[in-house]
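Engineer: The sequence and its predicted three-dimensional model are supplied below.
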Amino acid sequence: MQLKVKEVERVYNKLGMICNNGAHHKMAYFYYGDKLILKTRLSHGSGDARAGDKIRCDFKLNENDFKRLVDCPLKLNEYITILRRKGFI
């Protein structure tokens, strides 16, 4: 799945991820309470993001759920439910 940088940034915002801009990458962190659940990175720029499957794996989702996350039907509360079911939360 090919993604644009803007699509990934939209997911970061939807999930309330904490982002830090480094020299070459934007790092994003998803916390549940005080627990770090995932971290991912994104190159600066406005074109294509790195391989979509790598980003999908960072988010701990299957292809269908990740597509729903990017396309917006999957909301934060459902994402948390998926992570709970998989034992990450």
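Structural biologist: That came in fine, so what should we check first?
Engineer: mind pulling up the phi and psi values for the residue most central in space within the chain?
Structural biologist: Centroid-nearest residue in the chain: Phe59, 5.0 Å away (criterion: Cα atoms, centre = their mean). Here is the backbone geometry of Phe59 (degrees, to the nearest 10): phi -80, psi 0.
Engineer: how near is it to His25?
Structural biologist: Distance of Phe59 to His25, computed by Cβ to Cβ, to the nearest Å: 16 Å. All C-beta spots, glycine's among them, are computed from the backbone N, C-alpha and C.
Engineer: what do you get for Asp58?
Structural biologist: Asp58 is 13 Å from His25, where distance means Cβ to Cβ.
Engineer: any common contacting residues for those two?
Structural biologist: Between them, Asp58 and His25 share no contacting residue under Cβ atoms under 8 Å, 6 or more residues apart in numbering.
Engineer: Among the two, which residue is more densely surrounded?
Structural biologist: Between Asp58 and His25, Asp58 has the larger neighbour count (other Cβ atoms under 10 Å), namely 18 against 14.
Engineer: Count the residues that sit near the nearest residue to that one once chain neighbours are set aside.
Structural biologist: Counting by Cβ to Cβ, 6 or more residues apart in numbering, Asp58 lies nearest to Thr40, which is 3.8 Å off, once chain neighbours are set aside. Number of residues near Thr40 (other Cβ under 10 Å) recorded here: 23.
Engineer: what's the next secondary structure element after the helix or strand harbouring Thr40?
Structural biologist: Counting by DSSP states H and E, the element that carries Thr40 is strand 35-43. Sequence order places helix 52-58 as the next helix or strand after strand 35-43, per DSSP H and E.
Engineer: hey, C-alpha coordinates of that following helix in PDB?
Structural biologist: Extracted in PDB, the C-alpha atoms of helix 52-58 (Å, rounded to 0.1, in the frame of the first residue of the first chain):
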ATOM      1  CA  GLY A  52       3.300   1.300   3.600                       C
ATOM      2  CA  ASP A  53       3.700  -2.300   4.900                       C
ATOM      3  CA  LYS A  54       6.400  -1.100   7.300                       C
ATOM      4  CA  ILE A  55       4.200   1.700   8.500                       C
ATOM      5  CA  ARG A  56       1.300  -0.700   8.800                       C
ATOM      6  CA  CYS A  57       3.400  -3.100  10.900                       C
ATOM      7  CA  ASP A  58       4.400  -0.100  13.200                       C
END
